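Novice: I would like to see how this sequence folds:
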Amino acid sequence: MRLGSLTAVVTLCWGFTAVADDTQLKVKVGDPFPNVPLEAVQIEKAGITGKKTLSIADLKGKTVVIFFYPKALTKGCTVESCGFRDIIGEFPKDVVVLGASADDRQLQQKFIDTHMLPYPLLCDTNLELIKQLGILSSPTGKTPKRVTFVIDKQGKIAKIYDKVNVNSHPKEVLAFVKSLS
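Specialist: The predicted structure is shown next:
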């Protein structure tokens, strides 16, 4: 009886560890990027009009750079976002750059206004895309890890950057995107 109880406990524990771990990357290069519509601030900068949400399906036929950052208006996130801002004109015309976090529309708009960001910011306030990608900062966290995805014109992941130096990362991404042309 004791062995049976131990087996039940071990099985129960394994059942808990088998639950989706939203802090571990769940996608790889070559996978389709999840098609999750998210509220976007200044969506028109992506060439989308008449909508309030944006998903990868809306951008099919374009290369997409989507960089996730933990929190708008914080030091590292500002450095990275302004780095993309400063070189946005160097990206090929068919590339869309998007920033994304779990921040709400109001904070994302303040981030855009404060730092004159020229691209849309996505608001994943329900952590839906963040969890599907497996980039939640911690099991109890409410922010994403700093990860960048480059998505090809067919909506598949071409590159994942999961180790990001906020100072050099935008130029690193630009070089990769230019190599795709």
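
Novice: how about the nearest residue to the residue nearest the centre of the chain, chain neighbours excluded?
Specialist: Nearest to the geometric centre of the chain sits F68, at 3.8 Å (Cα atoms, centre = their mean). Of all residues not flanking F68 in the chain, P144 sits nearest, at 4.2 Å (Cβ to Cβ, 6 or more residues apart in numbering). Glycine gets a C-beta too; all of them are placed from N, C-alpha and C.

Novice: contact partners for that neighbour?
Specialist: Residues in contact with P144, defined by Cβ atoms under 8 Å, 6 or more residues apart in numbering, are F68, Y69, P70, A100, S101, A102, D124, L127, I130, I135, L136, S137.

Novice: where does it fall, phi/psi-wise?
Specialist: phi -80, psi 160 (degrees, to the nearest 10).

Novice: for C123, same thing?
Specialist: Backbone torsions of C123, given as degrees, to the nearest 10, read phi -110, psi 100.

Novice: tally of neighbours for it?
Specialist: 23 (other Cβ atoms under 10 Å).

Novice: who's it bridged to?
Specialist: E39, S101 (DSSP bridges).

Novice: start at 2, not 1
Specialist: Fine by me, first position is 2 from now on; the one you just mentioned is C124.

Novice: distance check, it against A176.
Specialist: Using Cβ to Cβ, to the nearest Å, C124 is found at 29 Å from A176.

Novice: with I89 instead?
Specialist: Distance of I89 to A176, computed by Cβ to Cβ: 15 Å.

Novice: neighbour count: the two, which is higher?
Specialist: Neighbours per residue (other Cβ under 10 Å) separate I89 from A176, with I89 holding more: 16 against 10.

Novice: with adjacent residues omitted, what lies nearest to the more buried one?
Specialist: Once flanking residues are discounted, I89 sits nearest to P119: 5.3 Å by Cβ to Cβ, 6+ apart.

Novice: phi, psi for that neighbour please.
Specialist: P119 adopts backbone torsions of phi -100, psi 20, taken as degrees, to the nearest 10.

Novice: count the residues that sit near it.
Specialist: Neighbours of P119 (other Cβ under 10 Å): 14.

Novice: P93 now?
Specialist: P93: 12 surrounding residues under other Cβ under 10 Å.

Novice: contacts for stretch 110-130?
Specialist: 23, 35, 37, 39-44, 46-47, 55, 67, 73-74, 79, 82-83, 85-86, 89, 97-106, 109, 131, 137, 143, 145.

Novice: which ones are touching the residue nearest to the centre of the chain?
Specialist: G100, A101, S102, I131, L134, I136, P145, K146, R147, V148, T149.
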